[in-house]
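A.B. asks: pasted the sequence and its predicted model underneath.
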Amino acid sequence: MRTLLIATAMLLTGNLFSQHRRYFTFADTTFSPGQTHRLALQYVVARPELDSASLPCMDSVAAFLNKNKALSIEIAVHGKSTGCMAITASRSKQLADALVARGIDPKRLFPVGYGEKKPLISEQEVMRAATKEEKEYLMSLNRRTEIIIK
């Protein structure tokens with residue numbers, strides 16, 4: 001489990017994010033209902049807006065949805081700390097709006113901001129971390145954006 005989390009966090013870093021965009025597109029992927037995929041998105045710090053580096057990823061999601069018109073998705077945005085419900089809700093709505101702007105029917109999109117309600121790493125595990133850097137890293141694993149195929 002920990003190896004999977006480390007690999008996932010690596011995908012969210014800047015260098016591997018660009019590789020993610022270059023080598024993977026949703027248009028080339030087949031999903032079935034119930035599957036979850038983590039999006040390598042970057043947001044403006046402490047704001048709901050997407051960073052411009054994330055726009056190609058959104059184009060890829062839109063292409064996937066245009067190719068698979070029978071599918072709907074939940075857009076799940078999670079936070080790493082208490083008090084982030086509003087920003088995760090705003091971010092999920094912003095993502096839905098970005099997909100609608102790319103021609104996706106809003107009836108196929110279910111944006112949800114979970115805040116800190118569904119952490120991958122428990123508070124207890126974060127507190128057991130040996131260094132400040134490791135604590136920040138573990139907390140950052142909870143900050144994620146996912147799509148869940150409906």
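C.D. replies: Arrived safely. Numbering: from 1, shown residues only.
A.B. asks: from now on I want contacts and neighbour counts done on CA atoms only, so please keep to that.
C.D. replies: Fine.
A.B. asks: and residue 54, what does it touch?
C.D. replies: Contacts for residue 54 (C-alpha atoms under 8 Å, 6 or more residues apart in numbering) come out as 40-43.
A.B. asks: got it, and residue 145?
C.D. replies: 38-41, 75-78.
A.B. asks: may I see those organised as JSON lines, with neighbour count added?
C.D. replies: What follows is these, written out as JSON lines (neighbours: other C-alpha atoms under 10 Å):
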{"residue": "38", "neighbour count": "16"}
{"residue": "39", "neighbour count": "22"}
{"residue": "40", "neighbour count": "23"}
{"residue": "41", "neighbour count": "22"}
{"residue": "75", "neighbour count": "25"}
{"residue": "76", "neighbour count": "25"}
{"residue": "77", "neighbour count": "29"}
{"residue": "78", "neighbour count": "28"}
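A.B. asks: kindly indicate which of those lies nearest residue 113.
C.D. replies: Of all the contacts of residue 145, residue 113 sits closest to residue 77, with 4.9 Å by C-alpha to C-alpha.
A.B. asks: let me know the helix or strand that that closest one is in.
C.D. replies: Assigned by DSSP states H and E, residue 77 falls within strand 73-78.
A.B. asks: centre of the chain to that strand, how far?
C.D. replies: 7 Å (C-alpha atoms, centre = their mean, to the nearest Å).
A.B. asks: cool, stretch 140-150 as well?
C.D. replies: 4 Å.
A.B. asks: tell me the mean pLDDT over that stretch?
C.D. replies: Averaging pLDDT along stretch 140-150 gives 90.
A.B. asks: can you give me the end-to-end distance of that stretch?
C.D. replies: Terminal residues of stretch 140-150 are spaced 27 Å apart (C-alpha to C-alpha, to the nearest Å).
A.B. asks: you'd agree residue 65 is up against residue 58?
C.D. replies: No - counting by C-alpha atoms under 8 Å, residue 65 does not reach residue 58; the two are 10.6 Å apart.
A.B. asks: poorly predicted segments of this protein, please.
C.D. replies: Within the chain, the stretches with pLDDT under 70 are 1-30.
A.B. asks: how about stretch 78-90: buried residues?
C.D. replies: 78-81, 84-85, 87-90 (16 or more other C-alpha atoms under 10 Å).
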